[in-house]
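# Structure, please.
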Amino acid sequence: MDKKSKIILISGPTASGKSSFAVRLAQNINGEIINADSMQIYKQLKILTARPSKKDQKNIKHHLYGTVDVKKIFSTGHWLKYAIKKIYEIRKRKKTPILVGGTGLYFNSLVNGLVKIPNIPIKFRKKIRLMQKKHGQKKFYEKLLKIDPQVKGKINSNDTQRSIRAYEIKSYSKKSMYDWLAQTKSNFKQNEFLKLYINFERKKLIERIEKRTIKMIKLGAVKEVKKFKTLKIPDQSSVNKVIGIKELSKFLEKKIKIDEAKELIAIKTRQYAKRQATWARSKMITWNKIDPKDFQLWIKKINFSNF
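Residues are numbered from 1 along each chain as shown. Sure thing, here's the model as predicted:
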């Protein structure tokens, strides 16, 4: 299978240079880029999410960046639907789709498919949560094993959230979560994917995060948050998880100084990068781990080789 038939996936921790690497690769292999970052999807948050500017894009077509209003609910399922559509469109143009971002769930849904579990009513879910609270985790887990023996050895007995979820699914759908997972399939074959993960040295990554935080403030992140706050987005909305909103809101409310806000943003970003790396170690085992200093070597390798 040649590179034109491939779907190239590029992931890595935040601030690792994924976007610029994707652009360089696209220039060399006649590619187009699809966003796989759950926060860069939002229209009103360009600076805080480090969305590539027109200059950064270097005339390479970019898709699914800044396309969703912050007031709208946008799930992994929504992203997958649009991403699949874009992949087919790009291939139709005889170009190579390159998906880049740091949202592991997006990549997982594309590579392995999205589990089509029926929507469970909130009332029913609350009932299960109350049951767990009443019995305690130890007894609740024993009850779970009785109704769904497949859970044994797959969900840790102390894992409250996954235990509750497994109980909800089995008791509502009459089918184990693992039966649902077994039926899940990707729209593409596994050999169609070329998976690249940028393995950045922690110390250097921290330096890049510090520099990017300063750059965001200079570019107008405070103004962006001020405008965002006027939209009165509900607290429970996932868009509020964007790093910088909470910190710069405190600055605007005169609760902290700008230097303190910058430090908090950098700390939160470092913590997020660490979580991304932890996800990669357990969920991206089969991905090619690449060192940033080898970017050009990988571009040549992809350009002149069949995978």
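# can you list the domain ranges for the protein.
Domain assignment of the chain by automatic domain parsing yields the ranges 3-114+186-304, 122-182.
# Serialize these to CSV and add fields for mean pLDDT.
As requested, the domains of the chain are exported to CSV (pLDDT from 0 to 100):
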stretch, mean pLDDT
domain 3-114+186-304, 95
domain 122-182, 93
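# For stretch 124-138, buried residues please.
Ile128, Gln132, Gln137 (16 or more other Cβ atoms under 10 Å). Yep, even glycine has a C-beta here, placed from its N, CA and C like the rest.
# all helices of this structure, in order?
With helices called from DSSP state H, the chain shows them at 18-29, 54-57, 76-92, 104-112, 122-135, 137-147, 160-173, 177-182, 202-219, 221-229, 245-252, 258-283, 295-304.
# Ok, which of those comes nearest Tyr42?
Closest approach to Tyr42 among those (Cβ to Cβ): helix 221-229, 9.5 Å.
# Looking at the helices of the chain, which is nearest to Asp69?
Of the helices of the chain, nearest to Asp69 by Cβ to Cβ is helix 221-229, at 11.7 Å.
# now the closest one and helix 202-219, what's the angle there?
70 degrees (axes from the mean of the first three to the mean of the last three Cα atoms, to 10 degrees).
# Who are the packing partners of helix 221-229?
For helix 221-229, the packing partners by 3 or more Cβ pairs under 8 Å, 6 or more residues apart in numbering; DSSP states H and E come out as helix 245-252.
# Deepest-packed of the domains of the chain, please.
Most buried of the domains of the chain by mean neighbour count (mean count of other Cβ atoms under 10 Å) is domain 3-114+186-304; its value is a mean of 17.
# what about stretch 248-259, distance to the chain center?
Relative to its chain's centre, stretch 248-259 lies at 28 Å (Cα atoms, centre = their mean, to the nearest Å).
# Then stretch 265-284?
11 Å.
# now do stretch 23-30
22 Å.
# Excluding covalently adjacent residues, which one is nearest to Lys175?
Ile169 (7.2 Å; Cβ to Cβ, 6 or more residues apart in numbering).
# Pretty sure the one you found sits against Asp179.
No. Look at Ile169 against Asp179 with Cβ atoms under 8 Å: they stay out of range, at 9.3 Å.
# Stretch 226-241: end-to-end distance?
16 Å (Cα to Cα, to the nearest Å).
# now what about it, what contacts it?
Around stretch 226-241, the neighbours that count as contacts under Cβ atoms under 8 Å, 6 or more residues apart in numbering are Ser38, Met39, Tyr42, Gln44, Leu45, Val70, Lys71, Ile245, Lys246, Ser249, Leu252.
# There's contact between the first one and Trp79 in this structure, I believe.
Yes. Ser38 is in contact with Trp79 according to Cβ under 8 Å; the separation is 7.2 Å.
# Between the two, which contacts overlap?
Common contacts of Ser38 and Trp79 (Cβ under 8 Å, 6+ apart): Tyr106.
# and Gly66, what does it touch?
Gln40, Ile41, Tyr42, Lys43, Lys46, Arg51.
# got a markdown table for these, with distance to Ala221 too?
Converted to a markdown table, the contacts of Gly66 look like this (distance: Cβ to Cβ, whole Å):
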| residue | distance to Ala221 |
| --- | --- |
| Gln40 | 15 |
| Ile41 | 18 |
| Tyr42 | 14 |
| Lys43 | 16 |
| Lys46 | 10 |
| Arg51 | 12 |
